[in-house]
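1. below are the sequence and a predicted model; questions follow.
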Amino acid sequence: MTIDRRSFLFGASGVAALTLAGCGGVKSGGSKSGSSSSGGASSVTTQGFGKPDDVGQARIDAFKKAYPQVTVRINEGDFDPQQFLSSVASGNPTDLVYLERGLIGTYAAKGALQPLDDLISDVDIDTGQYRKPALKQVTVDDKVYGIPEFYNTRNILINGKALREAGMSPQDLSTTDWNKLHANAAKLFRASGSKISRIGFDPKLPEFLPLWAKGNGADLVNEDGSPNLDDPKIIEALTFAYSLIQEQGGWSKFKAFRDTWDIFGSGNEFVKNQAVAFPWEGWYVNVLVQSSPNLDLQSVQFTDRQGNPTSFCDGSAWAIPKGAKNTKAAVQWMKAMTATDTWLQAGAARAKTVEKNKSIFTGLWTANTEADHQVHDKYVKPSGRPGFDQAINNYYASTESAFAINPSKAGSEIKTAWTDAVNRVLAGQQGPEQALKQAQSEAAKAYSAVK
Amino acid sequence: MTRTFPARPAESPALPAADRPPGKPRRNRGEIRAAYGFLSPWIIGFVVFTAAPMVISLYLSFTDYDQINAPNYVGGENYRQLLQDPKVALALRNTLIYAVMYVPAAMAVALALAMVLNRVGRAAGFFRTVFYLPVMTPTVAAAALFLLLLNGQKGLINRSLALIGVHGPSWTTDSSWIKPGLALTMLWGLGGTVVIYLAALQQVPKDLYEAAQLDGAGSIARFRRITLPMISGALFFTMIVLTIHSLQMFDQAYTMFFGGQQNSTYANDAALFYVIYLFQQAFGVLHMGYASALAWLLFGIIILITAVQVRLSKRFVYYEGER
């Protein structure tokens, strides 16, 4: 193996930056992606895929069945930028990388990912099967850099018991009328002195700012990938979402109380009456079904201020790193893992798990429109728990009205800028306008550097 | 009270004095080769994993390098940029404030524990092990644990404070209390410093205390006039090590405030330490050239602070055998 100048520089600079600064960095999670790509037509290696669950394993099995000559090597562990970059820079990456779609723009701009258009044509992948917002997220300069897999949307989940006791209906927590929502959140909030005992409505800042902004009619990133962070509508949205927190004890106490929730346990925030409502991803319904099956769960779709349903979507994608050796097997993998038939096999595997656990099939939430519809029609049935059924239906409905943050070559920098801005507001260091104007300035600088 | 210490014996020459010119010991070539042979694993490791990367990083600090494409030479642009970057100033300020909080507190607590251990007698071995055990705990696990302990609403620390009528702060979410909370967290891993102090305390000759006691010195006077001067070498060493360690704060702060807790992207500016910012620049937004410049700035600051400490130590540190 020869080491080229760039690989040497990368390794040396990584060691030096962290040695000089005394930073141990992040361990690679046990996998050695750099050395795992043996190449050749008979093997395919991945990084970032984590440990497959029943849905993942069923799809891996489907691929192995379709391509028995290809050896699959899954490097378990979540996506690790350090691990990924070092494998690319050393010229020894895995054949596939599994990562958030929001990261694709930045990595594509730097040349760390390969455009897939030719490979997609070679194996005849129908990109029309994927949900448009998901496909848009992986498209940079009209070139496709990833194949979308899952599709997470957000809706409002509600503690039905607490709501009923307060004499309210789920519609009283609709995001259409902000004044009404503000007043009702305050009514549902409980505190004794400085101790909070229940949050009425958690707007989920900073992570859900894109949703609040869209609800007020603005996008954080423009169609061309440039930042739009100081749009007056976004400032207004942040001001409102922040006011919900201020009304409920202020950020310091609010966040500290929220950190005490056992969100995955049987004593979760709904069961313990610590929260009444918040927007969250669809997968959480699956958690609640298992951890607290008798919960009185209610839900409403997130709506814009005109009353139209809207939802912020994101999810994962498969991509091929620059320098990957077995691109043919990699693109076959992408095709197989996201094909309608494969998702149906995954649906069958999940149905089996659900039956074994005497649980509810809550959906797979895939980025493949047809697969999602077929899985829904085949496996999602009335469960006898109307609250859960309504929540599942709401998430399926929101997949049709969801938006994704527009892709940008400076996607990471823009996200850092708006996240930092919200954090400054939450910490009381700046007001929404000042924070977002600073964020816009930082993001615009980063965008102009890569444009 | 005066005391004289025996001078250290002169080192034995390798060959009889008659066979070599005065002042220039002649060394056997075989011995030299053997010495280098034994040293070579360290030398190779140092060159490959420290010296060469440092030199290359110095070069990269003058380039625009994203870790994927070849570096572009940009002269002093990265250094100019870091002087104007408000986040560098913020991260430096946070780091220095934390160091000022942590280092004296760590030294005081470790010394107090070591002095207690020094009096325990036969059970000292057991307690020494107990005090050292936290050092073996993974920092990430300890940080996650302290997030729960320090929780402002339901954490054990605030609940304990409430028992004595003290209303505890929001250690993990209030900007004013984040650094004190982290300093408190870091006291958990003081076992190494305690062991160093204990070893130093056990080297203090007992007859000094006996003589002082006969002269009527009380316990505070004995501590100030005997203990502190006699262990000042250890105190100085740990001060330097703890200072460098605190300027390189990363693991705990990253885990507690930046480490991707479930569904959380909240990171308070008060916890933005210098190395965290460096890491974000290097691996978050792929500015490795800029991150290299940041690393060299920190290296310079550490050298400067250490030089000042060494300079000051001449006035305060007592070494046995020194005149």
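-> Perfect, I can see it now. Residues are numbered from 1 along each chain as shown, chains lettered A, B, ... in the order given.
2. residues near residue A:414, how many?
-> Residue A:414 has 30 neighbouring residues, counting by other C-beta atoms under 10 Å in any protein chain shown. Where C-beta positions appear, they are placed from N, C-alpha and C, glycine not excepted.
3. swap that for residue A:333, sorry
-> Other residues lying near residue A:333 total 26 when counted by other C-beta under 10 Å.
4. not counting its neighbours along the chain, what's nearest residue B:161?
-> The shortest distance from residue B:161 to any residue other than its chain neighbours is 4.2 Å, reached at residue B:168 (C-beta to C-beta, 6 or more residues apart in numbering or on different chains).
5. meant to ask about residue A:351, not that
-> Nearest to residue A:351 is residue A:379, by C-beta to C-beta, 6+ apart, at 5.0 Å.
6. before we move on, the earlier item: residues near the residue nearest to residue B:161, how many?
-> By the criterion of other C-beta under 10 Å, residue B:168 has 18 neighbours.
7. ok, it to residue B:152 distance?
-> According to C-beta to C-beta, to the nearest Å, residue B:168 stands 7 Å off from residue B:152.
8. for residue 205, grab phi and psi.
-> Just so you know, I chose chain A. Per-residue torsions, residue A:205: phi -90, psi 150 (degrees, to the nearest 10).
9. burial measure for it, as a count.
-> Burial measure for residue A:205: 23 neighbouring residues, criterion other C-beta under 10 Å.
10. does it touch residue A:245 like I think?
-> Yes. Using C-beta atoms under 8 Å, residue A:205 is in contact with residue A:245, at 6.9 Å.
11. what residues are up against residue B:155?
-> B:148, B:149, B:168, B:171 (C-beta atoms under 8 Å, 6 or more residues apart in numbering or on different chains).
12. again, only using 10 Å
-> Contact partners of residue B:155, counting by C-beta atoms under 10 Å, 6 or more residues apart in numbering or on different chains, are A:256, A:259-260, B:146-149, B:161, B:168, B:170-172, B:181.
13. and for residue B:192?
-> Residue B:192 touches B:110, B:131, B:132, B:134, B:135, B:238, B:241, B:242, counting by C-beta under 10 Å, 6+ apart.
14. three-state assignment of the first one?
-> Going back to what we said before, that points to residue B:110. Secondary structure, DSSP: H, G, I helix; E, B strand; the rest coil: residue B:110 is helix.
15. name the nearest residue to it, ignoring sequence neighbours.
-> Of all residues not flanking residue B:110 in the chain, residue B:193 sits nearest, at 3.9 Å (C-beta to C-beta, 6+ apart).
16. pLDDT wise, what is that neighbour at?
-> If you check residue B:193, the pLDDT there is 94.
17. my guess is it contacts residue B:105, does it?
-> No. The criterion here is C-beta atoms under 10 Å, and residue B:193 misses it with residue B:105 at 11.3 Å.
18. which neighbours do residue B:168 and residue B:152 share?
-> In contact with both residue B:168 and residue B:152: A:194, B:158, B:177, using C-beta under 10 Å, 6+ apart.
19. state the pLDDT value of the residue nearest to the second one when sequence neighbours are not counted.
-> Which is residue B:158. Spatial nearest neighbour of residue B:158, excluding adjacent residues (C-beta to C-beta, 6+ apart): residue B:168 at 3.1 Å. pLDDT for residue B:168: 89.
20. now swap in residue B:264 and tell me
-> On the pLDDT scale, residue B:264 gets 48.
21. burial measure for residue 83, as a count.
-> No chain specified, so I'll use chain A. Counted with other C-beta under 10 Å, the neighbours of residue A:83 add up to 26.
22. hmm, I had chain B in mind actually
-> Close neighbours of residue B:83, defined as other C-beta under 10 Å, add up to 11.
23. may I have the phi/psi pair for it?
-> phi -70, psi -30.
24. surely it and residue B:297 touch.
-> Yes. Counting by C-beta under 10 Å, residue B:83 touches residue B:297, with 9.1 Å between them.
25. quick one: residues contacting the residue nearest to residue B:228 when sequence neighbours are not counted.
-> Leaving aside its chain neighbours, residue B:228 sits nearest to residue B:235 (7.4 Å; criterion: C-beta to C-beta, 6+ apart). Applying C-beta under 10 Å, 6+ apart to residue B:235 gives the contacts B:107, B:110, B:111, B:193, B:196, B:197, B:200, B:228, B:229, B:313, B:316, B:317.
26. out of those residues, who's nearest chain A?
-> Set against chain A, the nearest of the contacts of residue B:235 by C-beta to the nearest C-beta is residue B:193 (17.0 Å).
27. which ones are touching that closest one?
-> When contacts are counted by C-beta under 10 Å, 6+ apart, residue B:193 touches B:106-107, B:109-111, B:113-114, B:131, B:135, B:187, B:234-235, B:237-239, B:241-242, B:245.
28. out of those, which are buried?
-> By neighbour count, with 16 or more other C-beta atoms under 10 Å in any protein chain shown, these hold B:106-107, B:110-111, B:113-114, B:131, B:135, B:187, B:234-235, B:238-239, B:242, B:245 as buried.
29. circling back: so the residue nearest to residue B:228 sits in a helix?
-> Yes. Looking at residue B:235 with three-state DSSP, it is inside a helix.
30. before we move on, back to that, generate a PyMOL selection restricted to the buried subset of the contacts of residue B:155.
-> A single PyMOL command is used to select the members of the contacts of residue B:155 judged buried by 16+ other C-beta under 10 Å:
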select buried, (chain A and resi 256+259+260) or (chain B and resi 146+147+149+168+170+171+172+181)
